[in-house]
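S.K.: Show me the folded form of this:
(chains A, B, C and D)
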Number of protein chains: 2
Amino acid sequence: MPLAPPRPRLPPHTAVRAFEAAARHGSFARAAEELFVTPAAVAQQIKALETWAGGALFERHSQGIRLSAHGRRALPALSAAVDQLGLAVQALRHETQTAARRSTLQVAALPAMAQLWLSPRLSRLKAALPGVQVSVTALEQPPNFRREPFDLGLFYARAGDRIEAAVGAQGMVLARDRLVPVCSPRLQQALPSGRPRVLDDLIDVLARCGGLHDTVWHDDWARWLQAARPGTTAAEADALAAGPDFSLYSLALQAALDGEGVLMGREQLVAPLLAQGRLHAPWGRPKALGDTLMLLVPAHRKGPLLAQQVQALQALAG
Amino acid sequence: MPLAPPRPRLPPHTAVRAFEAAARHGSFARAAEELFVTPAAVAQQIKALETWAGGALFERHSQGIRLSAHGRRALPALSAAVDQLGLAVQALRHETQTAARRSTLQVAALPAMAQLWLSPRLSRLKAALPGVQVSVTALEQPPNFRREPFDLGLFYARAGDRIEAAVGAQGMVLARDRLVPVCSPRLQQALPSGRPRVLDDLIDVLARCGGLHDTVWHDDWARWLQAARPGTTAAEADALAAGPDFSLYSLALQAALDGEGVLMGREQLVAPLLAQGRLHAPWGRPKALGDTLMLLVPAHRKGPLLAQQVQALQALAG
DNA sequence: GGCCGAGCCCTAGAAAAACTTGGGGCTCCA
DNA sequence: TGGAGCCCCAAGTTTTTCTAGGGCTCGGCC
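M.R.: The predicted model follows:
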C-alpha cells in the first residue's frame, strides 16, 4: 500500500523554459543562446524534465537533436502559455508604473541604430519625455516582446519583411532609408578620379581600397551594385566590393572615417557625418532599396504613456 | 548616454507565483501555506517583484494586507496564465506517458477516504489496471488540477456543492453516503439501554460517553441530530454531542473502536467494520443528508487511459 | 584516411537563488 | 493587559542552477 508520498510536483519552471526554447529551435545550443546559459545547463534541465515526464522528449543524434512526436504535439500549447505568462507579468508592471509615474523606457535597438540614429537624438527625446528614464539595449535581433520587457524596438526592415508579428509587436515606419557609398574626404582626394562615369570610378576605387562590410548588412554592397549595374550577379558584386568585414556597422564606419576604404552607407545613419563633411558621397545619389527604419511597439501595450513615447520618437524621425 | 545595460529581464517565476497566490488569498500567510513555504519567503519574493515592478503591489496594514488597485487589475490574466502553463506542462507529460505505457496514477484523496475507502479496494484497483503504478496523496482539500499533477481526486461533496469547477475538474458521483452513529460492541453492551425510543437512548449514551468528532466533518453530529430531532438548533446539537475532537477521521474511528465514545459514522467508510461486527449501529437506520463520494477528474484530461482508470474506480464503488 | 568542428553528454564544484530561523512591531480581541 | 495573528527584517543555510572541462560521435574537407 503506497502511503502518502511527497506531494507530486510540477517540474521547475526553468526546465519548462529550457524545453520550450530547445523544442522551438531544434537545438540545445541555440536554446542556450536564447536563454543566456551554457548548452550544458539546457541539457541538464531537459534531462530533469524528461525524468519527470517519464520519457524522452528528444531523439539524440550526434549531429543534433530532434523533437519527439509527443513533444511536438505539446509544444504549441506550451509556447502559448509561456507567452501568456510573459504578457501577464508585463501587464502587472505597467499597471503599477502608470499609477506611480516613476517610469523607465526600455528600448531595444540594433547596435548601429542605437549609436548612430538614437544616440544623437537622445537629448531631444529626453526633453520630450520629462521624468522618463530611458534605457537602451543593443540587440542583433528584435526581441520577443511577449517575453522580454522592452517598451520599444528600433530595427530595420526590408520591403516585404513582416518581422513584427513574429515578435508580438506592431511595426511603424519611422523613415525610408537609402544606400549610398561613402568614404573619407582624404581617401577621395588621394585617388585619381578621372573616369567619366561615376560608377566606373567607384569600381576603380573599390578595386584599390576595397569595400567595408559589417556582418548584419553584409549584402548591402551586393544589393546596391546589382541595382546600379543591372545584370550583375551576387557573386560578381561580392568580388567587386571585396574588403574587410566588421562585426559592427559602427566599426566599419569608423574604418571609413579613417580612410580605410569605401563603406556602403545607410543615409539615415551617416547623414550627420556627410553634413559635417567628415564623409563624402561622390558616387551618385542615394538609392532606395526598400530598407525602412521601423519602430516596434509591443502589440499588447496600450495607454497614453506609450502613445506619448511613440509620438516623441516619430517626431524625431521627421 | 546610457550604454547597453544588462538586458532587462522578467522577474523570476517564483516571485510571480508568490504574488499570484498572495493576491488570490489576500494574505501572505495563506499563500505560504499553499506554496509550502514560510510566510517570510513569500514576503521576500513579493518584495523582489515590487522592486521589479517599480511600485507597491500590496497595501500593508498591521492586521494583514490588501491588494493594490493595479494588482487587482492584473491578477485575472496572471492567474489564467499560471493555470495555462500548468495545463500545458501536464499535457507534455501525458503526451509522453501514453506513448510509453509506463504510467503512474496520481490520486489525491481526503485522508479518511484514502484510508477507509480506497485502501481496502486498492488491490482490486491494481488488478483492474495492470502495469499502472498507483500513488495516493492525502489532502484536506481538493487540489487545483490545473496546477498540480494529479490524475484523480477522491473527495466528499455536499448537496449543492460545486467544488469541481473551482479546481478545474469534472465531478462524478461514486456513491451517495449516509450518516449513522456507531460505537464499539463493548461500549454498547456496557450501557443500560432500556429507553424505548432509540433516539433518547442515544442521547443518554452521548451524555455519558460523549460524541467523537473530527475536524473535517466537525458538524456531522449537528447535522444528523438536527435531521433526527427537527427543531434542534446547532448549538443544542453541539452541546448534546460534546466530546473529544480528532484531527483525522481515522483517529476518531480508532477511538470508537476502542470504546471511547460514539462516532457519527459515514456508512461508506465504516461499512466493513459494521459487517465484521467490530462496530455496531444500534440507533436506527442511516440517514442520507446529501453527502456524496465524488470522483474528480481533471477537466483537461482526455484519452482512453484515463477513461479506463475512471471506469475501474467507478466499478469499485458499485 | 585522418583531422577538424559542431553538437551533445557527463561530472564536480562554484555561484546564485530560495528558504528558514529568530527577533521585532503592530493591531485587534478577550 | 496579554495573547494571537500578521507582517517586516537580517543573517545564515539549503537547494537549485550554472559553468568548466573532458568525452563521445558524426559529417565534411583536405
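
S.K.: So what's the residue count around A:L154?
M.R.: By the criterion of other C-beta atoms under 10 Å in any protein chain shown, A:L154 has 22 neighbours. Glycine gets a C-beta too; all of them are placed from N, C-alpha and C.

S.K.: Validate this expectation: it resides in a helix.
M.R.: No. A:L154: not assigned to a helix; according to DSSP: H, G, I helix; E, B strand; the rest coil it is strand.

S.K.: do the helix with the most length in chain A and chain B meet?
M.R.: Counting residues, the longest helix found in chain A (DSSP state H) is helix A:69-99. Yes. Helix A:69-99 reaches chain B (C-beta under 8 Å from any C-beta of the partner chain) through A:69-71, A:73-74, A:77-78, A:80-82, A:84-93, A:95-99.

S.K.: Report the buried members of these.
M.R.: Neighbour counting over the residues of helix A:69-99 next to chain B (16 or more other C-beta atoms under 10 Å in any protein chain shown) leaves A:70-71, A:74, A:77-78, A:81-82, A:84-93, A:95-98 as the buried ones.

S.K.: Now do the strands in the stretch 201-318 of chain A.
M.R.: Under the criterion DSSP state E, counting those that start in this stretch, strands of the stretch 201-318 of chain A are mapped to A:211-214, A:245-246, A:262-266, A:292-298.

S.K.: Need the residues that contact the last one.
M.R.: The set of residues that contact strand A:292-298 without belonging to it, under C-beta atoms under 8 Å, 6 or more residues apart in numbering or on different chains, is A:90, A:108, A:113, A:117, A:142, A:145-146, A:150-159, A:163-164, A:167-177, A:268, A:306, A:310, A:313-314, A:317.

S.K.: Any quick ChimeraX command for the buried ones out of these?
M.R.: Typed into ChimeraX, the next command selects the buried ones out of the contacts of strand A:292-298 (criterion: 16+ other C-beta under 10 Å):
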select /A:90,108,113,117,142,145,146,150,151,152,153,154,155,156,157,163,164,167,168,169,171,172,174,175,177,268,306,310,313
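
S.K.: Sitting in helices, which of the contacts of strand A:292-298 do you find?
M.R.: In helices, judged by DSSP H, the following of these are found: A:Q90, A:I163, A:E164, A:Q268, A:L306, A:V310, A:L313, A:Q314, A:A317.

S.K.: I'd guessed the last one sits against A:A175; true?
M.R.: Yes. Assessed by C-beta atoms under 8 Å, A:A317 is found in contact with A:A175 at 4.9 Å.

S.K.: Could you tell me the end-to-end distance of stretch A:177-190?
M.R.: By C-alpha to C-alpha, to the nearest Å, the extent of stretch A:177-190 from end to end equals 29 Å.

S.K.: So which of the ones in helices among the contacts of strand A:292-298 is the closest to chain B?
M.R.: Chain B lies nearest to A:Q90 out of the ones in helices among the contacts of strand A:292-298, by C-beta to the nearest C-beta, at 7.5 Å.

S.K.: Run through the residues that contact the closest residue to A:L251 other than its chain neighbours.
M.R.: Counting by C-beta to C-beta, 6 or more residues apart in numbering or on different chains, A:L251 lies nearest to A:D214, which is 7.1 Å off, once chain neighbours are set aside. By C-beta under 8 Å, 6+ apart, the contact list for A:D214 reads A:A112, A:D245, A:F246, A:S247, A:L248, A:Y249, A:L251, A:A252.

S.K.: how much space between the residue of the stretch 101-250 of chain A at minimum distance from DNA strand C and DNA strand D?
M.R.: Nearest residue of the stretch 101-250 of chain A to DNA strand C: A:T215, at 15.1 Å (C-beta to the nearest atom of the strand). Separation of A:T215 from DNA strand D (C-beta to the nearest atom of the strand, to the nearest Å): 21 Å.

S.K.: cool, and A:Q106?
M.R.: Taking C-beta to the nearest atom of the strand as the measure, A:Q106 falls 22 Å from DNA strand D.

S.K.: Return the residues in contact with the residue in the stretch 151-300 of chain A that chain B sits nearest to.
M.R.: Per C-beta to the nearest C-beta, A:D151 is where the stretch 151-300 of chain A lies closest to chain B, at 9.4 Å. When contacts are counted by C-beta under 8 Å, 6+ apart, A:D151 touches A:L105, A:Q106, A:V107, A:P298, A:R301, A:L306, A:Q309.
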